[in-house]
Each structure stands twice: as structure tokens, then as C-alpha cells.
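S.K.: Predicted coordinates and the sequence they were generated for:
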Amino acid sequence: MPFEQLNVQEEIKKRKSTSKEFEQLWEDSREEYRLIGEMICIRKKEKMTQSQLAELTGSRQQVISRIEKRENSPSLRIFCNILQALGYELQIVKRQC
């Protein structure tokens, strides 16, 4: 059976328009991906390996790797520990409307 071509962006757009639940889940995941992406950029900017970061946080390198590959979502505590080890902190700021 041949593979069917799928336009992922169109499929996401279609599902978002037909399901409010999907739309909310999609938007929630985008923010998580953005934050993890920023964490990865900071780690690389600081020239720190996953192993070094894991040692500073008391985790294993595999834990950091799985978070960066988005295989596991970190708890807020773990995410804040990672940021702290990188010399950063998480802040909550009111959005500008």
C-alpha cells in the first residue's frame, strides 16, 4: 500500500478549526516547545554539555537529552533547576494586550 502525502500544516489547521480541544492542546504544546528551545539555546550559548548540566542539576544526562528531544516534559521544579544551573530564572510577566 503506497504512502499518502500529507501536508502537516494544513492538517493542523483543519483540526484546529474543527476541535477547540485540539486547538488548545496545540497552543499549549507550542509554548512548552518554545521554552525548551530557549533552554537549549542558553545551554549551548554557555558552552555547557548535557552531561555538565545534568551534573549541576543532580540528574542524569539521559534526562536532559529526553527533555531536549521533547520525549519527556519536565516538571516545573526540574525546569527551574535546569534554568538555575544555567544562571537563569523563570519569571511570570503580564502580557501586553
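M.R.: Received the coordinates, thanks. Residues are numbered from 1 along each chain as shown.
S.K.: Can you name the residues in contact with stretch 11-19?
M.R.: Stretch 11-19 has contacts (Cβ atoms under 8 Å, 6 or more residues apart in numbering) with 22-23, 26. In this view, the C-beta of every residue, glycine as well, is placed from N, C-alpha and C.
S.K.: scratch that, stretch 70-77 is what I was asking about
M.R.: Contacts for stretch 70-77 (Cβ under 8 Å, 6+ apart): 32-33, 36, 63, 66-67, 82.
S.K.: And the average pLDDT for that stretch is what?
M.R.: Mean pLDDT, stretch 70-77: 92.
S.K.: just to revisit the earlier point, please identify which of the contacts of stretch 70-77 is nearest to E4.
M.R.: Using Cβ to Cβ, Y33 comes nearest to E4 of these, at 26.2 Å.
S.K.: Now for that closest one: which residues touch it?
M.R.: Residues in contact with Y33 (Cβ under 8 Å, 6+ apart) are R70.
S.K.: Over to the one 10 residues further on?
M.R.: Counting by Cβ under 8 Å, 6+ apart, R43 makes contact with 50, 53, 86.
S.K.: Buried among those residues? Need that as a selection in PyMOL.
M.R.: Applied in PyMOL, the following selects the buried portion of the contacts of R43 according to 16 or more other Cβ atoms under 10 Å:
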select buried, resi 50+53+86
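S.K.: A54 - how many residues pack around it?
M.R.: 19 (other Cβ atoms under 10 Å).
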